[in-house]
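>>> Need a 3D model of the following:
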Amino acid sequence: MAWRDRPLLRYAVLFFLAPLLAGCRIEVPVRPAESGSTSPTTTAPAPSDAVSGSSSELPPLTRADIVGNDMTFDRGGYIEEADTVAFSDGLSRVPGWVQEKSLVNGESVYISDAGCTASLRSTPPQGPLVVAGDDQASTEALFRFLDPSILPEYLVTTNWLWGASPAESTASIEFLTYEQGAAGDDPASIVSLRLFGATGTGLAFTVSCPSDKQLAAAVEEVRSGISVIPPR
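Below is the predicted model:
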């Protein structure tokens, strides 16, 4: 069975982030021997403005190099523990979209005249789920925690804009995305997540539309109207 047609309780894909919206920290039991092992080690920027990745395999780069190039999962070590990664909001300026909610419990919600809904969310620290030095594995762990039936093979890597604003973005950032097709009265939807191992926090896009065709168009509109802001 194709990953997007896999059986799952309808609407769960949109609502399983509810624990994060309440501003609550996810607490996953950790054996005493593992305590303190989930936070990756980072190196502070050197006076030359060079930034060392948390992985010894990543060469030092300037902040400009980090901001100006694609933030793939492999490059997640360039984000440091003290950094802040957030959304740049331009979706309300995309024709056909209006903002319904702005940063309420870390969530902004938008509605389109085509009947679609888009949500941008940030999460509080999820330290117990972090796989040190591996943003992709950390993100897979977050999906599994929210819904154990969503296995890594059901997720696809997608790209969103990486820059101070959508207009200024020249690079992309990788997320993992789960998609469900429309069925009967139930909408088509996607959830796109990235958990940043260094900060322990995550970002999430969700989009829901009445049909698969409308969802594809809405996702492209969201992609053009929102960027992920690199650390300064």
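>>> Quick check: which ranges of the protein have low pLDDT?
1-56 (pLDDT under 70).
>>> so where do the helices sit in it?
Using DSSP state H, the helices of the chain run over 12-15, 18-21, 63-68, 135-146, 212-225.
>>> How far off centre is the longest strand seen in the chain?
In the chain, assigned by DSSP state E, the strand with the most residues is strand 171-180. From the chain centre to the centre of strand 171-180 is a distance of 7 Å (Cα atoms, centre = their mean, to the nearest Å).
>>> got a list of contacts for it?
Contact partners of strand 171-180, identified using Cβ atoms under 8 Å, 6 or more residues apart in numbering, comprise 3-4, 8, 10, 13, 67-73, 136, 139-140, 143, 150, 154-163, 188-194, 203, 205, 215, 228. Backbone N, C-alpha and C define where each C-beta goes, glycine included.
>>> In stretch 133-149, which residues are buried?
Buried positions in stretch 133-149, judged by neighbour count with 16 or more other Cβ atoms under 10 Å: 133-143, 145-147.
>>> Looking at these, which is nearest residue 95?
residue 139 (31.6 Å; Cβ to Cβ).
>>> Test my guess that the closest one contacts residue 191.
No - the criterion here is Cβ atoms under 8 Å, and residue 139 misses it with residue 191 at 11.1 Å.
>>> picking up where we left off before, show me which of the helices of the chain has the highest average neighbour count.
Ranked by mean neighbour count, those are led by helix 135-146 with a mean of 22 (mean count of other Cβ atoms under 10 Å).
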